[in-house]
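[1] Give me coordinates for this.
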Amino acid sequence: MKPFRLALLLGIAVPAIAPAQAPQAGSAVAAYDPKTWDVPYGANTRPRDPYADAQGRVWFVGQSGNYIAYMDSRNGQFRQFAIDSGTHPHNLVVQDGQVWFTGNRNNRIVKLDPESGKLTTYRVPENVRDPHTMIFDPRSGVAWFSAQQAGVIGRFDPKTEQFRLWRTGERTRPYGVVIDSKGNPWIDLFGTNKIATIDAQTGELKTYTLPDERARPRRIAITSDDQIYWGDYTRGYLGHLDPRTGKMQEWPLPLAARSLPYAMTTDDRNVVWVAQNGYDGVPATLVAFDHAKKQFVAEVPVGRAAPNTIRHMTFDPATRQIWFGTDQGSIGKVSVPPLALVP
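    Numbering: from 1, shown residues only. From the prediction side, this is the model:
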């Protein structure tokens, strides 16, 4: 859905577009080495949700084009894999050398063997529609996923092939997912002003209500000390929840209500990254927030200075690169500099 159309549906007042806040000086931006590659299958196939594997391949889905593909980051070559018709994959994760993706339109989780191309399908029970964002717990090997339109948070164990589902309520729209050090998932309830979590041991579902009733958290990020961050899509804020105390803070993003913050990730220095929207004459930017200092430390423009939404991004600790897909039909990355962000 187009950002402005969604903004209207959510009742967001979107100001007229003015020139963006000036990004960092060229030398500072160059340190992040931003780069994008146009996907050869067409922007209308909606390439998105890239994830780097150990061999330098950056895997991504073609949500509208109904395919899985990768780009070899060493030479820029692409390869596409056929999948079942009607799948329309939404999200992709590489786990133990296998590529896992959600079937957004046909209610399934699918494993792709990169060597043989074989597909193994696991149907989500109760005909739960819209499997959306999925993430694996690296310790247990268990996957957690959101099903936005169904109002469901799901757990899938590949070893037993068993699912468990939690209902979050009508129009709650569970969206982004992260996992803390205890294996507990944290999920944005995008249709509400709430963050949800599930105790992985007891199965208890708990929610935290954000201070402003207009808030709509879309994506979510987590630091190594289990601190939670979200992007408030309606108001243009970055928010922080300390699960130990329940205390919350928030900071306005550089583009304020025009930012429509979407993709989020955290790098290996506990710097939280969030994507701001692009407009005519205004490039999308990745904004970095230092968790320790509680301040914004970088704003990196990516892609063309034209309408652009970055919906999901992942940090690859092996290469210290952040990978993202754009609505301009490209896969992109920024490199986290080896030196401290702030002297």
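
[2] ok, now which ones touch Val178?
    135, 185-186, 220-222, 228 (C-beta atoms under 8 Å, 6 or more residues apart in numbering). All C-beta atoms are positioned from the backbone trio N, CA, C, and that covers glycine.

[3] ditto for Asp84
    Contacts for Asp84 (C-beta under 8 Å, 6+ apart) come out as 103, 106, 110, 119, 121.

[4] which one of the contacts of Val178 has the most neighbours?
    Among the contacts of Val178, the one with the most neighbours (other C-beta atoms under 10 Å) is Ala221, at 28 neighbours.

[5] Tell me what it is bridged to.
    The partner list for Ala221 in beta bridges (DSSP bridges) reads Tyr229.

[6] Hmm, it is touching Thr265, no?
    Yes: if you go by C-beta atoms under 8 Å, Ala221 and Thr265 touch, sitting 6.0 Å apart.

[7] For these two, list the residues in contact with both.
    272-273.

[8] Where does the prediction get shaky in this protein?
    Applying pLDDT under 70 to the chain picks out residues 1-27, 339-343.

[9] can we see that at 50?
    Within the chain, the set of residues satisfying pLDDT under 50 comprises 1-23, 25, 341-343.

[10] Now tabulate the contacts of Val178 in CSV and tack on distance to Pro50.
    Converted to CSV, those look like this (distance: C-beta to C-beta, whole Å):
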residue, distance to Pro50
Ile135, 14
Pro185, 22
Trp186, 22
Ile220, 18
Ala221, 17
Ile222, 20
Ile228, 24
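
[11] mind checking how far Gln328 is from Asp242?
    Separation of Gln328 from Asp242 (C-beta to C-beta, to the nearest Å): 36 Å.

[12] same question, Gly56
    When distance is defined by C-beta to C-beta, Gly56 is 37 Å away from Asp242.

[13] Name the residues of stretch 93-111 that are buried.
    93-95, 99-110 (16 or more other C-beta atoms under 10 Å).

[14] buried residues in the host helix or strand of Met71?
    Element membership for Met71, per DSSP states H and E: strand 67-72. For strand 67-72, the neighbour count (16+ other C-beta under 10 Å) marks 67-71 as buried.

[15] Quick check: of the residues you listed, which lies closest to Leu210?
    Comparing the buried residues of strand 67-72 against Leu210 with C-beta to C-beta places Ile68 closest, at 35.0 Å.

[16] hey, C-alpha coordinates of the strand holding Met71 in PDB?
    In PDB, the C-alpha atoms belonging to strand 67-72 read as follows (Å, rounded to 0.1, in the frame of the first residue of the first chain):
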ATOM      1  CA  TYR A  67      10.000 -15.700  -6.700                       C
ATOM      2  CA  ILE A  68      13.000 -16.100  -4.500                       C
ATOM      3  CA  ALA A  69      16.400 -14.800  -5.700                       C
ATOM      4  CA  TYR A  70      19.800 -13.900  -4.600                       C
ATOM      5  CA  MET A  71      22.500 -11.400  -5.600                       C
ATOM      6  CA  ASP A  72      26.100 -12.400  -5.300                       C
END
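
[17] which helices and strands does it pack with?
    For strand 67-72, the packing partners by 3 or more C-beta pairs under 8 Å, 6 or more residues apart in numbering; DSSP states H and E come out as strand 57-62, strand 78-82, strand 89-95.

[18] contacting residues around Pro40?
    Phe78.

[19] what do you get for Ala275?
    Contacts of Ala275 by C-beta under 8 Å, 6+ apart are 261-264, 284-287, 309-311, 313, 324.

[20] Can you list the strands that the helix or strand hosting it pairs with?
    Assigned by DSSP H and E, Ala275 belongs to strand 271-276. Here strand 271-276 has these sheet partners by DSSP bridges: strand 264-266 (antiparallel), strand 284-290 (antiparallel).

[21] where exactly do the helices run in the protein?
    3-9, 26-30 (DSSP state H).

[22] I'd like the distance between the nearest residue to His88 once chain neighbours are set aside and Gln80.
    Here the nearest residue to His88 in space, its sequence neighbours aside, is Arg105; by C-beta to C-beta, 6 or more residues apart in numbering that works out to 4.1 Å. As for Arg105, its distance to Gln80 is 19 Å (criterion: C-beta to C-beta).

[23] same check, this time on Leu210
    From Leu210 over to Gln80 the distance is 40 Å, taken as C-beta to C-beta.

[24] same deal with Ile135?
    The gap separating Ile135 from Gln80 is 24 Å, by C-beta to C-beta.

[25] re the thing from before, list just the nearest of the contacts of Asp84 to Gly303.
    Using C-beta to C-beta, Gly103 comes nearest to Gly303 of the contacts of Asp84, at 28.1 Å.

[26] Quick check: the closest one touching Val110?
    Yes: using C-beta under 8 Å, Gly103 is in contact with Val110, at 5.9 Å.

[27] Please identify every residue contacting each of the two.
    Shared contacts of Gly103 and Val110 (C-beta under 8 Å, 6+ apart): 84, 87, 89, 121.

[28] can you redo those as a markdown table with distance to Ala305?
    Output for these, formatted as a markdown table (distance: C-beta to C-beta, whole Å):
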| residue | distance to Ala305 |
| --- | --- |
| Asp84 | 38 |
| Thr87 | 34 |
| Pro89 | 29 |
| Thr121 | 42 |
